[in-house]
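In: mind looking at a prediction? Sequence and model below.
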Amino acid sequence: MAEHVYICDVAKHEGKDVTIKGWLYNKRDKGRLQFLILRDGTGFMQAVAFKGDLSEEEFEAARRVTQESSVIARGTVRADKRAPGGYELSLNHFEIVQLTQDYPITPKEHGIDFLMDRRHLWLRSQKQWAIMRVRATVIRAIRDWLDDHGFLLVDAPILTPAACEGTTTLFETEYFGQKAYLSQSGQLYNEATIMAFGRTYCFGPTFRAEKSKTRRHLIEFWMVEPEMAYADLEDCMRIEEEFVSYIVQRTLTERQQELEILERDTSKLEQISPPFPRITYNEALEILRQHGEELPWGEDFGAPHETILASQFEKPIFVHRYPAQCKAFYMEADPEDPRLSLSVDLLAPEGYGEIIGGGQRTASLELLEQRIQEHNLPREALEWYLDLRRYGSVPHAGFGLGIERTVTWICGLHHIRQTIPFPRTLGRIYP
RNA sequence: UCCUCGGUAGCUCAAUCGGUAGAGCGGCCGGCUGUUAACCGGUUGGUUGUUGGUUCGAGUCCAGCCCGAGGAGCCA
C-alpha cells in the first residue's frame, strides 16, 4: 500500500505513488476519463481515472461516485499545468468508503438561509474552508505577538455576577439560585490582573444580547483584550498599530493560497504597517462636515460615518478623544478638556469599520466613583474594581480587538457571519 | 425594536391584466480519453410559507400570523 499523505504535502511526493484519504468534492465525467476533485481537509486536488488504468470495478466506482462520498484513492503524483493547484493524481486504485446520496449543497448558487441551516456541511466548501484557516492563523498571530511582547494570558470568567457595564444587553442565567450573566467583556477583570502581572490579555467568547441585525454583528463573538499597567493613550495606539500590522503581515505570508481562493485583493493589505494615521474625534467631525454629514458634538459615529472617515486613508485609522458621554464609565478624562475621554477606536480601511475599541482607564478613585453614580451602576458589585484604585493605582490602558471583524476585513468578506464556524446571529442558534 | 424587500420543484429563479405552474442547475439514463461552474441528448421533479377573505376562477388582490434577507440603532 502506498504511503498515506495529505494533499498539502503532495508536491514533496512528485513521481511517487501515494494514498489520499478524503472526500469527493466535485467530479467531471468525460466517459472513459473521469476527473475527480478530492479534498482531505488540508487541501483540494484533482485525481484522474483512466478506464484502462483501473480494474473494471474500480473504474465503475470512480464513474459512480457522488459528491461528498468518502473515498480512498491511490495513484502517482504528477505535475500538470492543467490541474488546479499544479499537481494531480493518476489513479491506479480507487475505493468508496461510503457512497453519499443527495448531498444538499451542490456546486451552484444557494441562498444564505439554506446554507446557514446546513452550516455543518457548508464548512466543507472551499471558501468556508479558506476562511476558517485564515481565522486560525489570525488567532495564532495574536497569541504569538502578545506572548512575545510581555503579555501574560490570564483569562477572565465567562459567568459574571452583575451587569458591571450597566445596560440590558447581557444574557441572564441562573447560578445556584443567584442571577448570573454571560460575559460581554473581560475588561474589568484585566484591570485587576495587570496589577498582579503587569501586562496581560484575555481571549475568549463574549456575548451581547443586543438585537443587532447587521453585517458586522454576532450575538456570540471572540475578542482578545490586552491590558497594560503604567501605560497611557499613546502607548495604547503604538501597541495597537504594531499588533494589527503583525496579524495582517503574518496572514499574508501564511495564507496566500486561502486569500487567493477568497479572491482577496492583497495589495491593500500589503500596505498595512506602522504608523497608522491618527485623528481626534473633533477632527473626524470636521471631515464628516466636509462630506456633507453634519453630526452634533457628542454623538457617536454610525456605520456610514466610519466608512467616510476610513475611506480618507489607505491604512487603518485611530480616532481618539471621544466625548466622555459616548464611551464607557471607566475611560480616563482628558486633562486638557474634561469633556473628552482618553479613548481610541481603530477603524479598518475599505469600509470595514471599527475593529478595536480601547483607551486609557481612569486611575482616580474619585472620578470613578462619580462616573459610577452618573451611570447609575450598582456600586456594591463594583467594590472590588474600586479596590484597584485604592491599592496602588497607576495609569493604565488597554483595548479589545474583535476577531471576527478582523477576519472579515482580512478576507475581504461582505458579512461577518462566515468568519465563525457556527455563528450565533439574531434568530439563529442552529446548528 | 423600527424601516424596506422577500417566501413558487432538492437549489437559484420566472410566471403579462386574476384565466391549464415554467426554465436552468441537481438527481436518474445514455454519449464522449484532458475536464476547469465541462459539454451534448433524454428523463424525473409542485399542498406556490400559513390561516382566513374577495371572486365563476387566486402563485397573482385584501387582512392576520410565521419565517428569512437588507438596513438603522447599539457595539468589537
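Out: All right, it came through fine.

In: secondary structure class for A:Trp222?
Out: Three-state assignment for A:Trp222 (DSSP: H, G, I helix; E, B strand; the rest coil): strand.

In: show me what from the stretch 151-300 of chain A comes close to RNA strand B.
Out: A:169, A:185, A:208, A:210-218, A:221, A:223, A:299-300 (C-beta under 7 Å from any atom of the strand). To be clear about C-beta, it is placed using only N, CA and C from the backbone, and glycine gets the same treatment.

In: confirm that A:Val244 sits in a helix.
Out: Yes: judged by three-state DSSP, A:Val244 forms part of a helix.

In: list the contacts of it.
Out: For A:Val244, the contacting residues are A:Ile272, A:Phe276, A:Pro316, A:Leu346, A:Ile355, A:Ile356, A:Leu401, A:Thr406, by C-beta atoms under 8 Å, 6 or more residues apart in numbering.

In: before we move on, back to that, in ChimeraX, how would I select just the buried ones from the residues of the stretch 151-300 of chain A next to RNA strand B?
Out: In ChimeraX, this line selects whichever of these come out buried by 16 or more other C-beta atoms under 10 Å:
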select /A:185,208,216,217,218,221,223
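
In: any residue of stretch A:379-397 touching RNA strand B?
Out: No: counting by C-beta under 7 Å from any atom of the strand, RNA strand B has no neighbours in stretch A:379-397; the shortest distance is 14.2 Å.

In: name the residues of that stretch that are buried.
Out: Neighbour-count burial for stretch A:379-397, counted by 16+ other C-beta under 10 Å, picks out A:Leu382, A:Tyr385, A:Leu388, A:Arg389, A:Ser393, A:Pro395, A:His396, A:Ala397.

In: can you count the residues close to the residue of the stretch 201-350 of chain A found nearest RNA strand B?
Out: Nearest residue of the stretch 201-350 of chain A to RNA strand B (C-beta to the nearest atom of the strand) works out as A:Gly302 at 2.4 Å. A:Gly302 has 11 neighbouring residues, counting by other C-beta atoms under 10 Å.

In: with A:Phe243 instead?
Out: The tally of other residues near A:Phe243 (other C-beta under 10 Å) stands at 23.

In: nearest spatial neighbour of it, chain-adjacent residues omitted?
Out: Among residues not flanking A:Phe243 along the chain, A:Trp145 sits closest, at 5.7 Å (C-beta to C-beta, 6 or more residues apart in numbering).

In: again with A:Asp334
Out: Using C-beta to C-beta, 6+ apart, the nearest residue to A:Asp334 is A:Leu340, at 3.9 Å.

In: wait, doesn't that neighbour sit right on A:Gln325?
Out: No: judged on C-beta atoms under 8 Å, A:Leu340 makes no contact with A:Gln325 at a distance of 10.0 Å.
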